[in-house]
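Asker: for reference, the sequence and a predicted model appear below.
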Amino acid sequence: MHRAIRRSRDAAFAPILLLLPLLFVAAACGPRAGAQTPPGRTDTLPEALVGTEWRLIEFRSSDDGIGTQRPADASRYTMSLQGDGTVSMRLDCNQASGTWTATVIGGSFGFGPLRMTRVACQQPSLDGQIARHAEFVSSFLLRAGILFLNLMADGGTYVWEPLRE
């Protein structure tokens, strides 16, 4: 009797077992989480962000001990998002560059590795903090012309306004 039950159970799972290799192949060929858009491709970059320049307004931490941090001189914190997927930043007395990617659906946003000069800026400065946090930016929201870059795990939000010269 136990053998009959085992055979019928095994027969029920046989079609599923045959499909498992196909599922693994499909998963391996599909898009990967966190995959970066190669430079030069603008097909997935939101038009509202391509070719824009921004000035940092503030960092809103979810940690009450940190609160909201504002740069002493917002003009020393700028970001330029190019259509080829590159980003250039002025972070106080330092310069940074790298790549960026974003999607309209889901509002994901990410920076690739940033290369940054390492000049010791007069304190207090947000240059090192922004550079450290860049890899943890996971989403964006564009509301009333203001760009909100959100850190993963509710780590905080960088708030940027359009750069007007």
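Answerer: Great, that's in hand. Numbers count the residues shown, from 1 in each chain.

Asker: can you pull out the low-pLDDT segments for this structure?
Answerer: 1-44, 165 (pLDDT under 70).

Asker: domains in it, by residue range?
Answerer: 1-30, 52-162 (automatic domain parsing).

Asker: which phi and psi does the nearest residue to Gln129 once chain neighbours are set aside have?
Answerer: Nearest non-adjacent residue to Gln129, counting by CB to CB, 6 or more residues apart in numbering: Phe59, 7.3 Å away. Where C-beta positions appear, they are placed from N, C-alpha and C, glycine not excepted. Torsion angles at Phe59 (phi, psi; degrees, to the nearest 10) stand at phi -110, psi 120.

Asker: now the one 5 residues further on
Answerer: Backbone torsions of Asp64, given as degrees, to the nearest 10, read phi -60, psi -30.

Asker: how many neighbours does it have?
Answerer: 6 (other CB atoms under 10 Å).

Asker: okay, Ala131 and Leu81: tell me how far apart.
Answerer: 17 Å (CB to CB, to the nearest Å).

Asker: beta partners of Leu56?
Answerer: As for beta bridges, Leu56 partners with Trp160 under DSSP bridges.

Asker: Met89 too?
Answerer: Met79, Ala96.

Asker: so it is in contact with Gln82, correct?
Answerer: No - using CB atoms under 8 Å, Met89 and Gln82 do not qualify as a contacting pair, with a distance of 11.6 Å.

Asker: who's more crowded, these two?
Answerer: Set side by side, Met89 and Gln82 show more neighbours around Met89, with 23 against 18, by other CB under 10 Å.

Asker: Cys121 contacts Gln95, correct?
Answerer: No - applying CB under 8 Å, one finds Cys121 not in contact with Gln95, separated by 11.6 Å.

Asker: ok, and the closest non-adjacent residue to Cys93?
Answerer: Nearest non-adjacent residue to Cys93 (CB to CB, 6+ apart): Cys121, at 4.1 Å.

Asker: can you give me the neighbour number for Gly110?
Answerer: Neighbour tally, Gly110, other CB under 10 Å: 22.

Asker: give me the distance between the residue most central in space within the chain and Thr86.
Answerer: Centroid-nearest residue in the chain, with CA atoms, centre = their mean: Gly110, separated by 2.0 Å. Note on Gly110: its distance to Thr86, by CB to CB, is 13 Å.

Asker: got any residues that touch both of these two?
Answerer: Shared contacts of Gly110 and Thr86 (CB atoms under 8 Å, 6 or more residues apart in numbering): Trp100.

Asker: about what we covered before: give me whichever of the domains of the chain is most buried.
Answerer: domain 52-162 (a mean of 16; mean count of other CB atoms under 10 Å).
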